[in-house]
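quick one: sequence plus predicted model below, questions after.
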4 protein chains.
Amino acid sequence: MREECGVFGISCNNDAAFNSILALHALQHRGQESFGVVTSNNYKLHSYHFQAQVSSVFDNIDEIKKSLPGDCAIGHVRYSTSGSKFGVQPMLGKSDKFRDFAIAHNGNLINISPIREQLIKQECVFQSDIDTEVVVHLTASGEKDSFLESFIYALKQIQGAYSFVVINQEVVIGVRDPSRIRPLVLGKLNGSYVLASETCALDIINAEFIREIEPGELVTISSDSKLASMFPFPQQKSSFCIFEYVYFSRPDSIMENRSIYDIRKEIGRILVEESPPKNNVNMVVPIPDSGIPAAIGYAKHSGLPMELGIIRNHYIGRTFIQPTLKYVKLE
Amino acid sequence: MREECGVFGISCNNDAAFNSILALHALQHRGQESFGVVTSNNYKLHSYHFQAQVSSVFDNIDEIKKSLPGDCAIGHVRYSTSGSKFGVQPMLGKSDKFRDFAIAHNGNLINISPIREQLIKQECVFQSDIDTEVVVHLTASGEKDSFLESFIYALKQIQGAYSFVVINQEVVIGVRDPSRIRPLVLGKLNGSYVLASETCALDIINAEFIREIEPGELVTISSDSKLASMFPFPQQKSSFCIFEYVYFSRPDSIMENRSIYDIRKEIGRILVEESPPKNNVNMVVPIPDSGIPAAIGYAKHSGLPMELGIIRNHYIGRTFIQPTLKYVKLE
Amino acid sequence: MREECGVFGISCNNDAAFNSILALHALQHRGQESFGVVTSNNYKLHSYHFQAQVSSVFDNIDEIKKSLPGDCAIGHVRYSTSGSKFGVQPMLGKSDKFRDFAIAHNGNLINISPIREQLIKQECVFQSDIDTEVVVHLTASGEKDSFLESFIYALKQIQGAYSFVVINQEVVIGVRDPSRIRPLVLGKLNGSYVLASETCALDIINAEFIREIEPGELVTISSDSKLASMFPFPQQKSSFCIFEYVYFSRPDSIMENRSIYDIRKEIGRILVEESPPKNNVNMVVPIPDSGIPAAIGYAKHSGLPMELGIIRNHYIGRTFIQPTLKYVKLE
Amino acid sequence: MREECGVFGISCNNDAAFNSILALHALQHRGQESFGVVTSNNYKLHSYHFQAQVSSVFDNIDEIKKSLPGDCAIGHVRYSTSGSKFGVQPMLGKSDKFRDFAIAHNGNLINISPIREQLIKQECVFQSDIDTEVVVHLTASGEKDSFLESFIYALKQIQGAYSFVVINQEVVIGVRDPSRIRPLVLGKLNGSYVLASETCALDIINAEFIREIEPGELVTISSDSKLASMFPFPQQKSSFCIFEYVYFSRPDSIMENRSIYDIRKEIGRILVEESPPKNNVNMVVPIPDSGIPAAIGYAKHSGLPMELGIIRNHYIGRTFIQPTLKYVKLE
């Protein structure tokens, strides 16, 4: 269940670092213990990684913005690697052909072990156990001429759930797995294209929601914000991750052309069909917060009343200091 | 001036993780913003990296110890990479020939750029800008048969100041640059060999100081704590880093067979010779804390009285929370 | 709107301090910036006051328990006086006749100024501006023979909203204003009587809910947990504070023999009668979290669907460190 | 040894609150766990009390300054009352004759118990166990016509060690015990008079050191900064507290017309006389930091060399968060 992560990308925006940080704050529910931002000023990549909630850095935001120059940026939130694993996200790759690039990844790949072994046999050196590093190496070691071709070559070899947002000195790339498991959406902010795991990250920076990235679609956003789309993979049976609907996403995000909120209500409706209430059932009780919409749907379609029976204690649980001191997850 | 770091290694000790953490606490003055520990249980490496002072984890020490199994360990303290750079220390390498290894590095290498470029041309993919990664790749890409030979092959190509402490599934290695710039000492704790940047890290775990690692000496400590020493490099003019004497080291550490404290006093004595007091000078005033021993030396040999004229405010400055919130250093 | 506070009392319990702290944790929503506990070992009162959320002290709980000996205790949570006002709660009084006592107060008194002036004319010295101190002085200066009589004498002179929980070396007292504005409930834990602002504080210590303290009722609980009840005030028109129903209380608390949750739903029902939906209204949207039950009630009785339109960001807002650094409220 | 506290007062200064906070920061070594400031705008007193080190509030300083209007102020640092005792300092008194006043106290009174009992018999109500409250009540209950007379009447009844700094709507008062045990100094800042426990508090606000308050001297500073001095007590044998010399004070403060630093060196000299080094003694080793000056003195007068043998670990110990979470001292 620690598969949640959130990714973000923006191009051709003169407040790219700050908008990334804001967007990651809106995606915080997808990964609460560390985050990273990589910016490009078309010449060099700059990075910032931190083991804390995004909101903890707003006090130092001016200093952080200064350290992240450039009009393009990508970002990542996740459950912390602090105390757990080597490697941070977005993950940097510096290669001969393609200079510097960085990859932010939401998802889990399933055929990684043999590829990693193969790459290691080809004398690649790994510095972590995380999936993303395999994609970094596959991309860098590709026989292809361009970075884009090489990245696509890498993607064609991996299987599993993913959305990637990638940056190099020239371009921001977003891609969604052909199986449609992990989400990725496209937005626009004053003429700049924006990529995000959920639409709530667009809302917080006042970007307009354009559409979802299609399953298997890859988009490139040039540094002057030209968008190109391609479908490099064979079509595949799609199977959107049910946890996005049920738990991961914020209810105000839009996925599959419907709000998560509506989808959750619909889940409640379907549950009535699949599992209608027995005679001795008097009410529907949601587990807050994410279970409330489904309960609304179940209640509406079963005719039962929905009642709150469980409350959430706001004084226990995540505070910004806990990533540092308490929520240390260890390998 | 951010070249300080502290390294530590221990082998064949049933409290390897905890002793490493204690030792890093004693080396905290060499790097106050992040630290890492890698342990080996002779089968697998485990790691813990944290953006905070070492003392901040003592409350969670049981959980941390559980996550770091194994009788061998290495550790590293440094100025944080949080918000600044990719890569953590100790840095992991996973290669075909040599399985997993991790390298902790104190020092600065001077001929890294051309080597990195060369490695990149040989299709190595870099994930950070830090020197240590070059050594990881050089080691992994060596033509040699054994890990040790390959690591020595790597060392022969680099120039600069360094002490390395290295771990893999079989061995802990310590090596000091032939130029003698960075310190490394050998100790013994109940039959287990211990390596550390300074003797104060031996003292805190009640290890006995054996001797300094010689300039250009490399020692291997097997998992049953057998020590082997070799001198793989041609002899070189040695030039111990003056900042170790003046500022980096703790005064109770022993370097070059003399305590740092004595060396600092001797610096004061030499300063009298080089720069004897003018007639109108009445007293010697140290800058606390590191300047006090030199002032004692200057006073003694000049016949002038030493007087305190400057005090240190203990209520401003580093607190454990500052790495997290305030001392974010950005690239 | 800063009138919320939470009070608690327990007698004849061998974990009185800890149960008080747990109960204050459950009452945290009534006052989040400081809390205090006073215990009695039938000989002396001991106190602990802290400017932080209750949960911040669980790490030091053994030390705190040791410092709070005794089988009887009262406690208080409130918006902090740090940086704002003299005086802490529970407030101590040491008088000639009655030795030591301490008063915890939830509410606001309305005729305090003339009484304070009168007391000051009688040579009382005040050390704060808070209402509770007036009650301390009125009690201490009473002509009555017993502490209880004197406290009742004090209560007869004040007007306004209040629940008081009071402790001295012999007794724990709870009293609720005749106007019924502030809540107070009675529970029992293994034969010990317990007083609390809300039943959720009983639940957390597994105490059984007995009943509400009646408007104008005063109960005394002796140190061997004998309960006595009296009604010292003339009957009055009662007017329970609407904010308890709407906002202050936790929905799982029981007040006026009904759960706050039911009351909030009923508010929704009444709102339909008072303000039926216009024709162009399509749905009911609650403000989370406290508005959800009323929306459920409004939806049920209006026939409109309830839909979530607003979500609560869990990553902004109160954390335990904010009382210290951010939420400083100043006079 | 918890008798240290620091007091400060300033009159007729348009940045009275901020200068008080700065001065308390310089006096932090005299009490590290809580502090308070009371200002007067000649009409009303305003207060701020906080359980933390002074430096923790500089981030919120604008908000704090706004909440503390007025040209006159007094302040106090001490070991925290959090979790320990009722009552904060400066302590407020509101009485019939004298309206509002506040008292900040450094010292310990020795004849308090019988006076408190007597006051309690006269129907005074106490709200804490701290000495200062007795002085508040003695002052308020005095038969005298003016506040000043009444305060002096109070002082005449108490015995022990003290410096008081007092404020009301008209005046700032400083007084030092006739026994000379606790220090108090007078300074001037742009025409405004300033009172402080040590001269280092003058230095930080660039106030000029005028002189020490004499043993038994009381000074009043009117709101237009007119100074009046009086000696209301019979002369007494003076006995300045040795701990001020040895431990409490900052070495750069001036007491008894000599710097603490010089006094500490002199202590070393006297120690040579009283306890000359035995034959087998080779060196003088100070306990840092406060022992260094005495060691310098002992070394100089004994002819032995001073050597550092003990160092202070800067990574353990007080940080601004510790007052809140760790250093909770309980009654």
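It's in. Numbering: from 1, shown residues only, chains lettered A, B, ... in the order given.

any idea how far whatever residue of the stretch 51-200 of chain A ends up closest to chain D lies from A:Ala52?
Nearest to chain D in the stretch 51-200 of chain A, going by CB to the nearest CB, is A:Asp59, at a distance of 7.8 Å. Heads up, the C-betas are built off the backbone N, CA and C, glycines and all. Look at A:Asp59 and A:Ala52: by CB to CB, to the nearest Å, they are 12 Å apart.

where do the contact lists of those two overlap?
Shared contacts of A:Asp59 and A:Ala52, defined by CB atoms under 8 Å, 6 or more residues apart in numbering or on different chains, are absent.

neighbour count for these two, which is higher?
Neighbour count, other CB atoms under 10 Å in any protein chain shown: between A:Asp59 and A:Ala52, A:Ala52 has more, with 22 against 14.

and A:Ala23, helix, strand or coil?
helix (DSSP: H, G, I helix; E, B strand; the rest coil).

spatially nearest residue to it, not counting backbone neighbours?
Of all residues not flanking A:Ala23 in the chain, A:Ala201 sits nearest, at 4.0 Å (CB to CB, 6 or more residues apart in numbering or on different chains).

what packs against the helix or strand containing the one you found?
Using DSSP states H and E, A:Ala201 sits in helix A:199-204. With contacts taken as 3 or more CB pairs under 8 Å, 6 or more residues apart in numbering or on different chains; DSSP states H and E, helix A:199-204 sits against helix A:16-26, strand A:185-189, strand A:208-212.

please repeat the previous calculation with a cut-off of 6 Å.
helix A:16-26 (3 or more CB pairs under 6 Å, 6 or more residues apart in numbering or on different chains; DSSP states H and E).

tell me which helix or strand comes right after the helix it packs on.
Following helix A:16-26 toward the C-terminus (DSSP H and E): strand A:34-40.

let me see the mean pLDDT of that following strand.
Averaged over strand A:34-40, pLDDT sits at 93.

give the other helices and strands that the very next helix or strand once past that strand contacts.
Downstream of strand A:34-40, the first helix or strand assigned by DSSP H and E is strand A:45-50. Contacts defined by 3+ CB pairs under 6 Å, 6+ apart place strand A:45-50 against strand A:34-40.

now with 10 Å, please.
Applying 3 or more CB pairs under 10 Å, 6 or more residues apart in numbering or on different chains; DSSP states H and E, we find strand A:45-50 packed against helix A:16-26, strand A:34-40, helix A:61-66, strand A:72-78, strand A:91-95, strand A:99-109.

which strands border it, and is each parallel or antiparallel?
Applying DSSP bridges to the sheet, strand A:45-50 is found paired with strand A:34-40 (antiparallel).

could I get the strand it pairs with in CSV with only the CA atoms?
Extracted C-alpha coordinates of strand A:34-40, given in CSV (Å, rounded to 0.1, in the frame of the first residue of the first chain):
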residue,chain,number,x,y,z
SER,A,34,9.8,13.4,1.6
PHE,A,35,9.7,15.4,-1.6
GLY,A,36,12.1,16.7,-4.3
VAL,A,37,12.1,19.3,-7.0
VAL,A,38,14.5,19.5,-10.0
THR,A,39,14.6,22.6,-12.2
SER,A,40,16.3,23.3,-15.5
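
please compute how far that strand lies from its chain's middle.
Distance of strand A:34-40 from its chain centroid, counting by CA atoms, centre = their mean, to the nearest Å, is 13 Å.

repeat for stretch A:27-40
In this view, stretch A:27-40 has its centroid 9 Å away from the chain centroid, taken as CA atoms, centre = their mean.

wait, A:Lys226 touches A:Val172, no?
No - counting by CB atoms under 10 Å, A:Lys226 stays clear of A:Val172, with 11.1 Å between them.

list residues touching both of those two?
Each of A:Ser11, A:Cys12, A:Tyr193, A:Thr220 lies in contact with both A:Lys226 and A:Val172 under the rule CB atoms under 10 Å, 6 or more residues apart in numbering or on different chains.

go ahead and confirm the first one touches A:Ser40.
Yes - with contacts counted by CB under 10 Å, A:Ser11 reaches A:Ser40, the gap being 9.0 Å.

can you tell me the SS state at A:Val57?
helix.

near A:Ala73, how many other residues are there?
A:Ala73: 30 surrounding residues under other CB under 10 Å.

ok, the residue lying closest to it once chain neighbours are set aside - contacts?
Spatial nearest neighbour of A:Ala73, chain neighbours left out: A:Ala16 (3.9 Å); criterion: CB to CB, 6+ apart. Residues near A:Ala16 by CB under 10 Å, 6+ apart: A:9-10, A:37, A:39-41, A:65, A:68-75, A:167, A:172, A:192, A:194.

I'd like the mean pLDDT over whichever helix in chain A runs longest, please.
Determined from DSSP state H, the single longest helix within chain A is helix A:260-274. Averaged across helix A:260-274, pLDDT comes to 94.

so is it next to chain C?
Yes - judged by CB under 10 Å from any CB of the partner chain, helix A:260-274 comes into contact with chain C through A:Tyr261, A:Asp262, A:Arg264, A:Lys265.

these two touch, right, A:Asn257 and A:Pro183?
No - A:Asn257 is beyond contact range of A:Pro183, at 11.9 Å (criterion: CB under 10 Å).

which residues do the two both contact?
The contact sets of A:Asn257 and A:Pro183 overlap at A:Glu212 (CB under 10 Å, 6+ apart).

between those two, which is the more surrounded one?
Remark: of A:Asn257 and A:Pro183, A:Pro183 carries more neighbours, 27 against 8, as counted by other CB under 10 Å.

next, give phi and psi for the closest residue to the more buried one other than its chain neighbours.
Nearest non-adjacent residue to A:Pro183, counting by CB to CB, 6+ apart: A:Met255, 5.3 Å away. Backbone torsions of A:Met255, given as degrees, to the nearest 10, read phi -140, psi 140.

for A:Met255, report the pLDDT, please.
For A:Met255, the pLDDT comes out at 85.

okay, now the unreliable bits of the stretch 1-150 of chain A?
A:1-3, A:80-87 (pLDDT under 70).

ok, now the stretch 201-331 of chain A?
Applying pLDDT under 70 to the stretch 201-331 of chain A flags residues A:314, A:316-331.

could you show me where the helices are in it, in order?
Using DSSP state H, counting those that start in this stretch, the helices of the stretch 201-331 of chain A run over residues A:242-243, A:260-274, A:292-302, A:322-325.

of all the ones you listed, which one is nearest chain B?
helix A:322-325 (5.6 Å).

residues contacting A:Ile181?
Counting by CB under 10 Å, 6+ apart, A:Ile181 touches A:3, A:106-108, A:160-163, A:215, A:238-244.

of the residues you listed - the most surrounded one?
Busiest of the contacts of A:Ile181 [other CB under 10 Å] is A:Asn106, holding 30 neighbours.

how about the nearest residue to that one once chain neighbours are set aside, phi and psi?
Closest residue to A:Asn106 apart from its sequence neighbours, by CB to CB, 6+ apart: A:Cys5 at 4.1 Å. With angles defined as degrees, to the nearest 10, A:Cys5 sits at phi -150, psi 170.

help me confirm that A:Cys5 comes into contact with A:Ser197.
Yes - A:Cys5 lies in contact with A:Ser197 (CB under 10 Å); the separation is 7.7 Å.

which residue does the stretch 51-200 of chain A have closest to chain B?
When scored by CB to the nearest CB, the stretch 51-200 of chain A has A:Ser67 as its residue closest to chain B, at 2.7 Å.
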